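Student: Give me coordinates for this.
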Amino acid sequence: MPRRHRNPFTKHLRIIRLSLTAIDRSVGRLVALTNGGASAAAAGRAPQKRKLKLSPKRRTELKLQGQYMGYLRNLRPRQKAQVKALREKKGIRVATAMAKRIATG
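Tutor: Sure, this is the predicted structure:
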């Protein structure tokens, strides 16, 4: 087969087109990584993070709930059922104490 001679001008255009395609793909990935953060930057201000305001009572409740869930996680299904029934009857403090007692042996 005879070899086709390419025009150097066409070759350079093809190289430029491939480069532009690669740049376009890279810019698209960058935009996806920022998750639209450019819109907040365009507005001229940094995005605000919501400040969580917890009262001391609510903080205590959340801590107690976390302890309850942590102890309950390591129990067997029958033990979990017992602790959950106790929680319904007497509240989370008593149930947490029982779950801790069962979990620690």
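Student: For the protein, which residues score under the pLDDT cut-off?
Tutor: The chain contains residues with pLDDT under 70 at 1-5, 36-44.
Student: can you pull out the helices in it?
Tutor: 8-34, 37-42, 56-73, 77-90, 92-104 (DSSP state H).
Student: Which of those has the highest mean neighbour count?
Tutor: helix 92-104 (a mean of 16; mean count of other C-beta atoms under 10 Å). Every residue, glycine included, has its C-beta placed from N, CA and C.
Student: Next, the angle from it to helix 56-73.
Tutor: Interaxial angle, helix 92-104 versus helix 56-73 (axes from the mean of the first three to the mean of the last three C-alpha atoms, to 10 degrees): 30 degrees.
Student: chain center to helix 92-104: distance?
Tutor: 31 Å (C-alpha atoms, centre = their mean, to the nearest Å).
Student: residues making contact with that helix?
Tutor: Where contact means C-beta atoms under 8 Å, 6 or more residues apart in numbering, the residues beyond helix 92-104 that reach it are 64-65, 67-68, 71-72, 74-75, 79, 82-84, 86-87.
Student: one more time with 7 Å
Tutor: Leu64, Gln65, Gln67, Tyr68, Tyr71, Leu72, Asn74, Leu75, Gln79, Val83, Leu86, Arg87 (C-beta atoms under 7 Å, 6 or more residues apart in numbering).
Student: List just the nearest of those to Lys57.
Tutor: Distance to Lys57 across these (C-beta to C-beta) is lowest for Leu64, with 10.8 Å.
Student: quick one, what contacts that closest one?
Tutor: Contacts of Leu64 (C-beta under 7 Å, 6+ apart): Ile92, Arg93, Thr96.
Student: try it again with 10 Å
Tutor: Gly91, Ile92, Arg93, Ala95, Thr96 (C-beta atoms under 10 Å, 6 or more residues apart in numbering).
Student: any chance of the contacts of helix 92-104 in CSV, with distance to Ser19 too?
Tutor: Rendered in CSV, the data for these read as follows (distance: C-beta to C-beta, whole Å):
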residue, distance to Ser19
Leu64, 61
Gln65, 57
Gln67, 59
Tyr68, 60
Tyr71, 60
Leu72, 59
Asn74, 58
Leu75, 61
Gln79, 65
Val83, 65
Leu86, 69
Arg87, 65
